[in-house]
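Participant: here are the coordinates; sequence isn't available:
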């Protein structure tokens, strides 16, 4: 395997590849360092293409020191050519990367969790844990159940019913915390200082976050080993956007993709919680945290985003942009994707679709430039905001006359 | 004296202690007092200009001091102050 160790992204200090996530000197985030010469020798398009269609086909670019022992069928989700959505938005080459159907818990979090839990096992942990807005909770609980690991999951107390049931069914120790996601996150940081558990997005975060790169690798491979002109990414912590940028940079450096180095990264946030987009708009590198997020896109309701500064940097360096949309636009985005492509995404996906519409309208995305919309979660999990706008079906007796009169009435 | 909760990355400087006591009327004064007893700790938390480093969060009574008065946030003797790495979650 090709992991050299961990390195501080801020000051460069090196650390061993253990359960560490913060630099002792400067509190900067630790990142996995790789031997890219060795990776270059081991990987080619042909080698990757000969492997099963899951995230492990990119094993050399992932932070394990031994072959995976769980999460074998994660990833390999469809890249859908979205012709009808494109027609609706006035665009000729739109694609949707659809992790609403990721195995096994229907969001891109299965990628990061399978990475983190494999690492947790490698490092000898018997208990895993996370702070989550829902999707991560689902995935951590499911993978822990399948792996026979003990599991603690902490969530805010206002999550959607589908996200809660989609966690508790797997039998973890599930705890709802009165407060925002940021409150839950701080609590988990403090718990991780006291209990010897593998918190996937705290002390295992360097490994966990690398799993997001597979979403980017798959996009490039599915485009025929080419880079798109634009990628529109939902932003919560900002990690997915930075890791898609890293995936593009890595495959370019390894010569695996045809790239002119001009893929623009665009960030999407809801207007009730947009600290990263606000920093981009203001030309600031510093993130002003949002104290009380208010949005139907609960999976993006992170007021104090860990990777915010890096997401801002990645957007700027790529020549991309960021935009915010209202709750009404989010719902319209969900419905548009469903009615044009037959894909039901959660509220975060509605944000991404709506922001794509905005960026096309502003001329920041041109109609003939290949553009990938990141759909990272499943609509069945976040039905609450739709109940008010989707009318229930008419009910009739089982008689042909009733059906005919209904048809006549509705035209 | 206020109680200060020390995160794992700083515990080498506090001889492994998870909580320590510190005196001061503001968060800034608290950090100066901490530095006297645990040399080196202030530089880890603040940058060369004396401002809070960008990947450190400090909470007084569970409130992020960036929503209060930053390093000038008042601290009472009964308060709990938490120093928490910003890099987590998402």
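Facilitator: Looks like it arrived, so ask away. Computed from a predicted structure; not experimentally measured. Residues are numbered from 1 along each chain as shown, chains lettered A, B, ... in the order given.
Participant: from here on, contacts and neighbour counts on C-alpha atoms
Facilitator: Fine.
Participant: got the contact list for the least confident helix or strand in chain B by mean pLDDT?
Facilitator: Least confident helix or strand, chain B: strand B:63-64 with a mean of 92, by mean pLDDT, DSSP states H and E. Residues outside strand B:63-64 that contact it (CA atoms under 8 Å, 6 or more residues apart in numbering or on different chains): B:57-58.
Participant: partner strands of the helix or strand just after that strand, with direction?
Facilitator: Later in the chain than strand B:63-64, the nearest helix or strand by DSSP states H and E is strand B:80-85. Using DSSP bridges, strand B:80-85 pairs in its sheet with strand B:2-5 (parallel), strand B:56-60 (antiparallel).
Participant: and whatever helix or strand residue B:35 lives in, what's its mean pLDDT?
Facilitator: Residue B:35 is located in helix B:27-37, with elements delineated by DSSP H and E. Computed over helix B:27-37, the mean pLDDT rounds to 97.
Participant: what packs against it?
Facilitator: In this structure, helix B:27-37 packs against strand B:19-22, helix B:41-45, with contacts taken as 3 or more CA pairs under 8 Å, 6 or more residues apart in numbering or on different chains; DSSP states H and E.
Participant: okay if I get these as TSV plus distance to chain A, mean pLDDT and mean neighbour count?
Facilitator: Formatted as TSV, those follow (distance: least, CA to the nearest CA, whole Å; pLDDT from 0 to 100; neighbours: other CA atoms under 10 Å in any protein chain shown):
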stretch	distance to chain A	mean pLDDT	mean neighbour count
strand B:19-22	11	96	17
helix B:41-45	6	95	19
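Participant: and those: which comes nearest residue A:225?
Facilitator: helix B:41-45 (43.6 Å; CA to CA).
Participant: outside of that closest one, which residues touch it?
Facilitator: The contact list for helix B:41-45, computed with CA under 8 Å, 6+ apart, reads A:24-27, B:10, B:13, B:31-32, B:34-35, B:52-53, B:56.
Participant: now render those residues as JSON lines, adding neighbour count and distance to residue A:92.
Facilitator: What follows is the contacts of helix B:41-45, written out as JSON lines (neighbours: other CA atoms under 10 Å in any protein chain shown; distance: CA to CA, whole Å):
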{"residue": "A:24", "neighbour count": "19", "distance to residue A:92": "49"}
{"residue": "A:25", "neighbour count": "17", "distance to residue A:92": "50"}
{"residue": "A:26", "neighbour count": "22", "distance to residue A:92": "47"}
{"residue": "A:27", "neighbour count": "26", "distance to residue A:92": "45"}
{"residue": "B:10", "neighbour count": "22", "distance to residue A:92": "54"}
{"residue": "B:13", "neighbour count": "16", "distance to residue A:92": "59"}
{"residue": "B:31", "neighbour count": "21", "distance to residue A:92": "58"}
{"residue": "B:32", "neighbour count": "17", "distance to residue A:92": "61"}
{"residue": "B:34", "neighbour count": "21", "distance to residue A:92": "61"}
{"residue": "B:35", "neighbour count": "16", "distance to residue A:92": "61"}
{"residue": "B:52", "neighbour count": "20", "distance to residue A:92": "48"}
{"residue": "B:53", "neighbour count": "18", "distance to residue A:92": "45"}
{"residue": "B:56", "neighbour count": "17", "distance to residue A:92": "45"}
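Participant: with those in mind, which one is nearest to residue A:257?
Facilitator: Using CA to CA, the contacts of helix B:41-45 come closest to residue A:257 at residue A:27, 34.6 Å.
Participant: can you give me the pLDDT of the closest residue to the closest one other than its chain neighbours?
Facilitator: Ranked by CA to CA, 6 or more residues apart in numbering or on different chains and with sequence neighbours excluded, the top spatial neighbour of residue A:27 is residue B:55, at 5.6 Å. If you check residue B:55, the pLDDT there is 93.
Participant: which residues sit against stretch A:89-98?
Facilitator: Under CA under 8 Å, 6+ apart, the answer for stretch A:89-98 is A:77-83, A:85-86, A:219, A:357, A:360, A:366-376.
Participant: interface residues of the stretch 201-350 of chain A facing chain B?
Facilitator: Proximity of the stretch 201-350 of chain A to chain B (CA under 8 Å from any CA of the partner chain) is limited to residues A:201-202, A:205, A:236-239, A:286, A:291, A:302, A:305-307.
Participant: so which of these are in strands?
Facilitator: Among those, no member falls in strands (DSSP state E).
Participant: pLDDT added to those residues, as JSON lines?
Facilitator: JSON lines is the format used below for those (pLDDT from 0 to 100):
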{"residue": "A:201", "pLDDT": "96"}
{"residue": "A:202", "pLDDT": "97"}
{"residue": "A:205", "pLDDT": "98"}
{"residue": "A:236", "pLDDT": "98"}
{"residue": "A:237", "pLDDT": "98"}
{"residue": "A:238", "pLDDT": "98"}
{"residue": "A:239", "pLDDT": "98"}
{"residue": "A:286", "pLDDT": "86"}
{"residue": "A:291", "pLDDT": "94"}
{"residue": "A:302", "pLDDT": "98"}
{"residue": "A:305", "pLDDT": "97"}
{"residue": "A:306", "pLDDT": "96"}
{"residue": "A:307", "pLDDT": "97"}
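Participant: and these, which two are furthest apart?
Facilitator: Across these, the longest distance by CA to CA is 23.3 Å; it joins A:205 and A:291.
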